[in-house]
Each structure stands twice: as C-alpha cells, then as structure tokens.
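*Asks:* Give me a 3D structure for the following:
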Amino acid sequence: MAHEALDPRFTAIVDEHAPVRLLATGLTFAEGPVWHPFEGHLIFSDMPADTRRRWTSGRGVEEIQKPSNKGNGMTYDAALNLLVCEHSTSSVVRLRRDGTREVLASKWRGRELNSPNDICVRADGSIYFTDPTYGRMPHYGVERPVELGFQGVYRLPAGHKPGDEPELLVDRYLFTQPNGLCFSPCERWMWVNDTAQANVRMFNVSADGKLGEPRIFAEGIRDDRLPGVPDGMKADIDGKVYVTGPGGIWVYDFHGVLLGKISLPEMPANLHWGGPAWSTLYICATTSLYAVETKTRGRIEPFMLATARSVSADTQSARNSAQEQGRSGRKSSLAPTLSRSELLRIEPARTALILQDLQNDVMMEGGAFASTGAPRHAQTQNVVANARRLADACRRAGVMVIHVWMICERGHPFLAQHASLFQGLKGQNALVRGTWGARPAEGLEPAQGDLVVEKMSMSAWETSRLESYLHHGQRDTIINCGAWTNMSVEHTARTGADKGFRIIVPEDACSTMNAEWHNASIAYAMGNVAEIASVDAVMAALI
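*Replies:* Alright, predicted model coming up:
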C-alpha cells in the first residue's frame, strides 16, 4: 500500500512504500496506544470490549485488565504511573504501579464530566485532557444523559490533588467534539482537533500553562470516499502534526501545510511512537494494531526519559520523579524545558558543544562576582554537574567540545571602559590569566581532544577563533551553554543564529545571577533564535 506524498518533504518522514505491518487483529475498537520506555511493550485500549491489552514483540497481544471502565486515551506521568481517560466513569484516573487507582477528576462545578477522551502531560507535571460525549454513547461507553451541556478542554495543574475539579481552558462552546490533543516539542503551542468540525486548532501556551486564543491550524479533514475522522493526534520531534483522518494518518508541517498521508487498511483511531529508537509509529485502527517505520521520532514526553532507577519509589510524586530521573537537582520554575532537540536528530559529526565562561570568578563562591548571586543560581541549576555530564556524553558521541573563556592580562591593559561589564572586570580584577578566578570550575577542566578558545568580549564570536574551528570542523550545529545565561550565552546564541548556525540551549547547563533573569532570557530572548532543551534531552538525542 503506497502512502500519499503531497509535498517533497513527506519522503523525509516516511518512505512512500514503507510497509504497514499488522501486529494484531480481531479487536473491537482499538485506542489509546502508549509505549513503555524501558519494558519495551505497547499497551492500548480495546474500548467496547472493556479491556486493556498489551502487545510485546515475540509474544503478541495479552489481556492485562478487564473490566477497564472502557478506558480510551492513555499516557504515563513522569513516574510511569498510568493515566487513563475512562468512558464509563467519566473520569481521569491514575493507576499507580502498585495497582492503586486514584480518581484525579470526574466533575466540573459539581457536574459529571462528559467522558474524558484523550490526554497528555506537560513537563511541569500538569495534565491536559479533552472531554467530548462519545463515552455516553452505546458501544463506545455507557449510554446516559450528559450533565454539562458543552464539550471542553481541561487541565489538572501541577500539584493537583485527586478529586479536585479541573480547570476549563477554553470557551465552553468553542468545540463540538474535542478529541486528540498534543503539545509542540517546545510546549509553547498545543494542538486540539475536533472530530465533528473536522479541523485542528492551535493554541499558544503561556508560561503558566493556560491556553491563549485559538486559530485554525487545519480544516476539511474529511473525505466521503474513505472512512476516518480527526481522532488521535501526535507531534514529532520537528513539530510536524500527525492526525488520524480519512484513509490513514494526515501529516502537517508546523505551519499547517498538508505534507502527505500514511495509508492504512482500516480507519485509524490513535497513534504513538515507540520502539528502541522511538521511531516506530504504532497505530490503533478499528479492529487491528499496525506499525510503520518512520525516519523521524515522536516528540519527547516527560515519561519517555524515565528509567527503571528513576521510578523505583512508586510513592514518589511525578514531579519529584522527573527531577530524580533528570539527575539535575535544579529548581527552576521554567516550564518549557522540552523542545525538538529532545530525541531530535543531533548529528555528532556536525555539532559542537560550547562551555562558555564556566570559570571560578564568574559563578563560584569566592569568585570576583560572587556578590551578584551567581554562585547561588549556579548551584540551583546544578550547572557544573549538568555541564560535566553533557560534555562527557558529547565526547563519547564524537561532538567537538570547545571551552570558551574570558581571559584578561594582568592590569587589564587596554580593556575599554565604555560599558559596565568591562568596568566590572577591571574593577574586580577578574579573570586574570594564570589566576584561580580565570580557571574553569572544578570538574569542567578540558579533557584530551577538547579545544580552548580565549575571548575578550561578551559574545564568543567577536574576539576568538571559535568560528574558524567550527568552519574547519564542518560544524553547523552548536549546543550552547555556560554562564551567564542572559549575557554570554544569549549573545552567542543571537550572533550564531545570524551567522546561520543551528543553536541548541540546554537551559539547565546555564546559569546567571537569579532565576528571574535566567527564565526571561530562556523563555523570551533566546526562544526566537534557539531550541530550548534540557541536558537529558540533548543527551538522549546523541544516543
């Protein structure tokens, strides 16, 4: 079965003749697929059969729970507790790994939700879900009258207590039947489709997690000749959107241009990436489960970075588990820590890591600028440990590692005093060659094969050999971290983008004087010129 390429870019996603493998059949209506990040299996809902099933390569399909309250959409939280939208109970529930079932939400303003349908989790642990009426219809749920009179999109904020009412995020009459939803890789946008309206809306996501004004992203997702409607939806690492539709999976670029369609023999209902490289697209399609190999990977979700060690304590909260598995110890309140860098194609042979100004005077206690608060923020970000393990991972992968240091001669001769930055350097007698203050923070010393670049400017570009190293090494991608976020790191990112380099900023390997300045630089200034990620996401992309 040939897939349909409507744009030349489609073949960079999937081969036009990529086989659609049948993994299982004989189901009643398959939904809600989700891949376990280290147990290597896919679970999915067989909704009308009131059964939850598991598919494992070599073993096939097994029944793992019956009844399942006609569960539909599913995902994991960062602690790998299962989150399920239950049709029969009109609830969003959390099934802990020890078997404990918690009802997270079932009512809004005292009235029962319709039937939560699809679900996703933001990096801060907040949960978003849609609430159409399909679970109150025969076959797909339990027939009963609705109580709300509208179909909405909701959020359970980070720190939500089981049983508390969810937050309605949209005008109550915007949607007819909201269904699939997903975040963009950077979590600055969310897409929500409407089955009845046959369209997809795109929302800006504010820093506090609320949704802004919607705009139509795609419409006319219908074809009277073929079965299929907008239902499940996911984004890939590049921000392309995959939505079920007539004949298969319709693939759009970030701007809403239809690139092509992945053809399927049955009407699709939902999809999720999985497999060892997260590049296998698993598709629940009516009575069967299918798989297609792609040339891309799914947008990284918080649970995808989990490890067996990180979830060893089941009673730990999802937020704390996410911090543990990140091993970063950072306490930044910034929410958008994921981007298309996460599990993105970072080609080591084309990439350089910059460790900039991570020197004692800049960000350590006892340094020339300790009074600015920089040491405290560096500790909060755990920037030394994060930068060290990122550098180690880059070396193993073959990424060029470049240390960029501000080095001044004794007495700071001929250092212009036209700006407070340079006045401070001279006034504090900072970053003098051969002194402790100019040396890299302990643990960030250059390793064999690393390069060292000296500069006499805030940006890494203007007064150093950086650009020559990059061009001679044929590197067009820069992983840019260091101190200070809103100064050296930001200036380097802006100039690098102007020069045509792809810039990736692992924000937990950056620090400055305080979290407010750091977050402003990450969320606003650099968000337009760089891809914001976490250290773990960049490391995952290098594997």
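
*Asks:* C-alpha only now, for contacts and for neighbours.
*Replies:* Noted.

*Asks:* Can you classify residue 493 as helix, strand or coil?
*Replies:* Using DSSP: H, G, I helix; E, B strand; the rest coil, the structure places residue 493 in helix.

*Asks:* Contact partners for it?
*Replies:* 480, 503, 526, 529, 530 (CA atoms under 8 Å, 6 or more residues apart in numbering).

*Asks:* distance of it from residue 46?
*Replies:* 48 Å (CA to CA, to the nearest Å).

*Asks:* got it, and residue 9?
*Replies:* Distance from residue 9 to residue 46, by CA to CA: 34 Å.

*Asks:* Likewise for residue 181?
*Replies:* Using CA to CA, residue 181 is found at 20 Å from residue 46.

*Asks:* ok, now residue 131?
*Replies:* Distance, residue 131 to residue 46, using CA to CA: 19 Å.

*Asks:* Residue 138 now?
*Replies:* 15 Å.

*Asks:* With residue 214 instead?
*Replies:* Distance of residue 214 to residue 46, computed by CA to CA: 32 Å.

*Asks:* what sits against residue 399?
*Replies:* Counted by CA under 8 Å, 6+ apart, residue 399 has contacts 348, 349, 350, 351, 352, 353.

*Asks:* What segments of the chain are helices?
*Replies:* Assigned by DSSP state H, the helices in the chain fall at 318-326, 360-363, 374-381, 383-397, 420-427, 466-472, 490-498, 515-520, 535-542.

*Asks:* The shortest one: how far from the chain's middle?
*Replies:* Between the centre of helix 360-363 and the centre of its chain there are 31 Å (CA atoms, centre = their mean, to the nearest Å).

*Asks:* Show me which positions of it end up buried.
*Replies:* Under the neighbour-count criterion of 16 or more other CA atoms under 10 Å, helix 360-363 has 360, 361, 362, 363 buried.

*Asks:* Using CSV, please lay out those together with pLDDT and distance to residue 425.
*Replies:* CSV is the format used below for those (pLDDT from 0 to 100; distance: CA to CA, whole Å):
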residue, pLDDT, distance to residue 425
360, 96, 13
361, 94, 10
362, 94, 10
363, 93, 14
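
*Asks:* Quick check: which of the helices of the chain is buried the most?
*Replies:* helix 360-363 (a mean of 28; mean count of other CA atoms under 10 Å).

*Asks:* List the contacts of it.
*Replies:* Under the criterion CA under 8 Å, 6+ apart, residues 366-370, 374-375, 378, 430-431, 436-441, 483-484, 512 lie in contact with helix 360-363.

*Asks:* backbone phi and psi for the nearest residue to residue 49 once chain neighbours are set aside, please?
*Replies:* Nearest non-adjacent residue to residue 49, counting by CA to CA, 6 or more residues apart in numbering: residue 28, 6.2 Å away. With angles defined as degrees, to the nearest 10, residue 28 sits at phi -90, psi -50.

*Asks:* wait, residue 28 sits on residue 287?
*Replies:* Yes - using CA atoms under 8 Å, residue 28 makes contact with residue 287 at a distance of 5.3 Å.

*Asks:* Per-residue confidence, residue 103, what does it come out as?
*Replies:* Note on residue 103: pLDDT of 97.

*Asks:* For beta bridges, what are the partners of it?
*Replies:* In this entry, residue 103 is beta-bridged to residue 93, by DSSP bridges.

*Asks:* Residue numbering should commence at 734 henceforth.
*Replies:* Happy to do that; since the first residue is 734 now, the last one works out to residue 836.

*Asks:* So it sits against residue 822, correct?
*Replies:* No - in this structure residue 836 lies outside contact range of residue 822 using CA under 8 Å: 9.6 Å.

*Asks:* out of the two, which sits in the busier spot?
*Replies:* Under the neighbour definition other CA atoms under 10 Å, residue 836 and residue 822 were set side by side, and residue 822 has more, 22 against 18.

*Asks:* any idea what sits nearest that one, other than its immediate chain neighbours?
*Replies:* Setting aside the residues directly before and after it, residue 822 is nearest to residue 802 in space (CA to CA, 6+ apart), at 6.5 Å.

*Asks:* Now do the same contact list for that neighbour.
*Replies:* Residue 802 touches 783, 819, 820, 821, 822, counting by CA under 8 Å, 6+ apart.

*Asks:* mind checking how far it is from residue 779?
*Replies:* Distance from residue 802 to residue 779, by CA to CA: 11 Å.

*Asks:* Distance check, the closest residue to residue 776 other than its chain neighbours against residue 1004.
*Replies:* Sequence neighbours aside, residue 787 is the residue nearest to residue 776 in space, at 4.2 Å (criterion: CA to CA, 6+ apart). Look at residue 787 and residue 1004: by CA to CA, they are 15 Å apart.

*Asks:* which residues of the stretch 834-983 of the chain score low on pLDDT?
*Replies:* The stretch 834-983 of the chain contains no residues with pLDDT under 70.

*Asks:* where along it do the strands fall?
*Replies:* 834-838, 840-841, 844-845, 852-854, 860-864, 885-889, 900-901, 911-916, 922-927, 932-938, 944-952, 966-968, 974-978, 981-985 (DSSP state E, counting those that start in this stretch).

*Asks:* ok, and what's touching the fifth one?
*Replies:* What that stands for is strand 860-864. By CA under 8 Å, 6+ apart, strand 860-864 touches 846-855, 884-891, 910-914.

*Asks:* just the third one next, same as before
*Replies:* Contact with strand 844-845 is made by 823, 839, 879, 880, 881, as judged by CA under 8 Å, 6+ apart.

*Asks:* Tell me which two of these sit farthest apart.
*Replies:* 839 and 879 (13.0 Å; CA to CA).

*Asks:* With neighbour numbers in mind, choose between these two.
*Replies:* Neighbour totals were compared for residue 839 and residue 879, and residue 839 leads with 23 against 14 (other CA under 10 Å).

*Asks:* Excluding chain neighbours, what is closest to that one?
*Replies:* residue 824 (4.3 Å).

*Asks:* cool, and residue 1171?
*Replies:* residue 1164 (4.2 Å).

*Asks:* thought the one you found was touching residue 1158?
*Replies:* Yes - at 7.3 Å, residue 1164 and residue 1158 qualify as touching, with contact defined as CA under 8 Å.

*Asks:* related to what we said a few turns ago, residues contacting the residue nearest to residue 782?
*Replies:* So residue 761 contacts 779, 780, 781, 782, 1019, 1020 (CA under 8 Å, 6+ apart).

*Asks:* The fourth one: neighbour count?
*Replies:* Meaning residue 782. Using other CA under 10 Å: residue 782 sits among 20 other residues.

*Asks:* what's the distance between it and residue 877?
*Replies:* 18 Å.

*Asks:* Equivalent analysis for the first one, please.
*Replies:* Distance of residue 779 to residue 877, computed by CA to CA: 21 Å.

*Asks:* between the two, which one's more packed in?
*Replies:* Per other CA under 10 Å, whichever of residue 779 and residue 877 has more neighbours is residue 779, with 27 against 13.

*Asks:* pretty sure residue 983 is touching residue 995, no?
*Replies:* Yes - applying CA under 8 Å, one finds residue 983 in contact with residue 995, separated by 6.6 Å.

*Asks:* before we move on, back to that, who's in contact with the residue nearest to residue 776?
*Replies:* 774, 775, 776, 777, 793, 794, 795, 796, 797.

*Asks:* If I look at residue 1269, what pLDDT would I see?
*Replies:* pLDDT recorded at residue 1269 is 83.
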